[in-house]
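> Got a predicted structure here, sequence first:
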Amino acid sequence: MKKKLGQVSRTKLEDIYVSLREVQGAPHVDLRVYRRPARGGDAVAGIEGLAVPLDLFTDLIHVLEESRERLAEEGLLHLPSSDATSVDEEDPVNLNVEPSGGLPSDRRGRRVPLRVPVACSPWPVGESGALAGVTGDVSAGGAQLWLPECLALLTRIEVLMQIEGLDFKELAEVVGVGVRQIHGKYRHSVRWLELSVTSKDALSKVIKTD
């Protein structure tokens, strides 16, 4: 039993094949490096490979997803998006909420990965103190924030951070929330309700325009 499921290019000369095959009588998902033939013929399997039992494959996917989130949180990986103004597609919450004022609901402009400490306080200021978190990315229309508490959609918060030595302090509205906690924090997508000249100057330090 052997069935090719897909492949991805590793180098100009090598591909990684994902296949379903039998190992010692049990189905496995096999990830193996294949070298492309110079002229025609079949690809040649290399010695590098990993066979994952089919009943563990879902667990492996979960670990890979968490690893991807951690790399993105640490600023080492930028998660692609099919639309620069859309929220992260892996966010399971319905984000088609109506804006309550200020900027439109989209994330205007391209997102720029940025990892800096951030403090977020409920607005108007109530009994709850500020939540200490970290940014994942920023844009002219909003940002991705990682916070230790899961805030409700449309919650208004005051966002305080420093960008390239400049103070940024503005109101934002939560338009997306990741329901899974990753390393003690929840992912939040927020849109700016207003931007002062100082805040625009701070964002311009990292958001380069052509």
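That came in fine, so what should we check first? The structure displayed is predicted, hence computed values, not measured ones.
> in this protein, which spans are strands?
Under the criterion DSSP state E, the chain carries strands at the ranges 2-9, 14-23, 26-35, 44-53, 112-113, 117-122, 131-138, 142-147, 156-163, 166-177, 186-192.
> isn't M161 right next to G133, touching?
No - distance between M161 and G133: 9.5 Å, which falls outside the contact criterion (C-beta atoms under 8 Å). No exception for glycine: its C-beta is placed from N, CA and C like everyone else's.
> list residues touching both of these two?
P117, V118, A119 (C-beta atoms under 8 Å, 6 or more residues apart in numbering).
> any idea how far V134 is from the last one?
Going from A119 to V134 by C-beta to C-beta, to the nearest Å gives 10 Å.
> lowest-confidence helix or strand of the chain?
None of the helices or strands of the chain scores lower by mean pLDDT, DSSP states H and E than helix 57-73, at a mean of 78.
> Touching, Y17 and R36? I think so.
No - between Y17 and R36 there is no contact under C-beta under 8 Å: 11.2 Å.
> quick one: contacts for G184?
P148.
> try it again with 6 Å
Contacts for G184 were tallied using C-beta atoms under 6 Å, 6 or more residues apart in numbering; there are none.
> cool, and A43?
Counting by C-beta under 6 Å, 6+ apart, A43 touches Y34, R36.
> again with A172
I157, V159, V190, W192.
> and with 7 Å instead?
Listed by C-beta atoms under 7 Å, 6 or more residues apart in numbering, the contact set of A172 reads G142, I157, V159, V190, R191, W192, L193.
> Present the residues you listed as JSON lines; the columns should include distance to G41.
Below are those laid out as JSON lines (distance: C-beta to C-beta, whole Å):
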{"residue": "G142", "distance to G41": "51"}
{"residue": "I157", "distance to G41": "60"}
{"residue": "V159", "distance to G41": "58"}
{"residue": "V190", "distance to G41": "54"}
{"residue": "R191", "distance to G41": "54"}
{"residue": "W192", "distance to G41": "56"}
{"residue": "L193", "distance to G41": "61"}
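> quick revisit: which one of Y17 and R36 has more residues nearby?
Neighbour count, other C-beta atoms under 10 Å: between Y17 and R36, Y17 has more, with 17 against 14.
> Tell me the spacing between that one and V52.
The value you get for Y17 to V52, if C-beta to C-beta is used, is 14 Å.
> what's around the closest residue to Q181 other than its chain neighbours, how many residues?
Closest residue to Q181 apart from its sequence neighbours, by C-beta to C-beta, 6 or more residues apart in numbering: C150 at 7.7 Å. Per other C-beta under 10 Å, the neighbour tally for C150 reads 15.
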